[in-house]
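In: Next come a sequence and a model predicted from it.
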Amino acid sequence: MNSELTKNTLDWWEKKRIWYNLIVLIFGVWQIINERPDTFKYEDIIGVVLYGLGANILYSIGILIELLDEYYVKTFFKFKRFRWFFLVIGTLFSIFYTTWLIILYYNGPVWTW
């Protein structure tokens, strides 16, 4: 595997990670404030931190896809061309999922069977 290519891939994704985290955090805090800010307890911070760790693990899938393309198929699929697409779609998914989980946490199930 080309170490320069790997370094470029890691650099590109890691420079965007802070923006991803800030965007998801802003939408999450905004949703908590809109739902029930008076019920947020200090214990909930543990859940927020764990959720943030999980979100960052999922964020790393973009890096993993690119590295697997580089290593196993010598950039045959050229996933590098789709970096921005993966970043935007992944961030939008994280915003949607974060909002949905907060609504579910504060209001219970939205529907019943």
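Out: Yes, it's here.
In: Flag every buried residue along the helix or strand containing residue 47.
Out: Element membership of residue 47, judged by DSSP states H and E, is helix 44-72. Within helix 44-72, the residues that count as buried by 16 or more other CB atoms under 10 Å are 51, 55, 59, 62-63, 65-67, 69-70. Glycine gets a C-beta too; all of them are placed from N, C-alpha and C.
In: One more: stretch 30-40?
Out: Buried, per 16+ other CB under 10 Å, within stretch 30-40: 31-32.
In: And the contacts of that stretch?
Out: 98-99, 102-103, 106-107 (CB atoms under 8 Å, 6 or more residues apart in numbering).
In: Also stretch 14-22?
Out: 52, 55-56, 59, 87, 90-91, 94.
In: For that stretch, give the mean pLDDT please.
Out: Across stretch 14-22, the average pLDDT comes to 94.
In: Show me what counts as buried in that stretch.
Out: 16, 20-21.
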